[in-house]
Every structure is written in structure tokens, then in C-alpha cells.
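**Student:** quick one, what's the 3D model for this:
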Amino acid sequence: MARMQIYRGMKIGEAKQYVADKLGTSLRDIHDAVAMRELREDLRIGTLQPLAGHPKGIEAKYNISKLLDIEFNSIRASRKRIEG
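**Tutor:** Next comes the predicted model:
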């Protein structure tokens with residue numbers, strides 16, 4: 001939500017709704033730790049406690065950036081290094 005507030009200038013309620021819509025879930029699930037853990041695993045956007053075989057670090061950030069239509073500096077820098 002904080003990134004939406006920063007990048008898009010959204011208020012907290014608007015940011016929560018945007019994220020819920022992009023993740024295909026409800027506002028209620030955004031506040032439910034168990035539901036969010038399952039959703040994060042399904043969408044491959046990383047979990048608070050990393051699991052073996054699940055995305056971590058830059059891979060999770062890349063998946064989040066695609067889902068939420070935002071850009072991370074680390075993703076941009078990695079692309080520049082890869083593309084040469």
C-alpha cells in the first residue's frame with residue numbers, strides 16, 4: 001500500500017482497494033494474514049518467511065512489479081545490467 005501511496009499519490013483507502021483489485025481479492029482478505037500468505041504463495045510474490053522453492057528477493061519483486069504495474073529501482077538496475 002505504501003508504494004501505491006508514494007508512486008501514485010493515493011490515499012490509504014484508495015491504495016488498499018487498488019492492491020486488492022490487482023491481486024483479485026477483497027479488502028477483507030488484505031487484512032487477513034492467513035489469506036494473504038496463501039495468496040502470496042499462489043501469485044508467487046514472496047512471503048514474509050521465505051519457503052523453499054518459492055520466489056525470494058528480486059524474483060518476488062519482479063512478480064510484484066508486474067502485478068501492481070509499478071517499477072522498483074532494483075528491477076530497473078538489473079535489467080540494465082542484463083541488457084548491457
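
**Student:** and the pLDDT at the residue positioned nearest the centre of the chain?
**Tutor:** In the chain, the residue lying closest to the centroid (Cα atoms, centre = their mean) is Ile64, at 3.4 Å. Reported pLDDT at Ile64 in the predicted model: 92.

**Student:** so which strand or helix has it?
**Tutor:** helix 57-68 (DSSP states H and E).

**Student:** tell me the angle of the helix or strand following that helix relative to helix 57-68?
**Tutor:** Using DSSP H and E, the next helix or strand after helix 57-68 towards the C-terminus is helix 73-83. Angle, helix 73-83 to helix 57-68, by axes from the mean of the first three to the mean of the last three Cα atoms, to 10 degrees: 110 degrees.

**Student:** related to what we said a few turns ago, hmm, the residue nearest to the centre of the chain is touching Arg40, no?
**Tutor:** No - if you go by Cβ atoms under 8 Å, Ile64 and Arg40 don't touch, sitting 9.5 Å apart. Where you see a C-beta, it was placed from the backbone N, CA and C, and this is true even at glycine.
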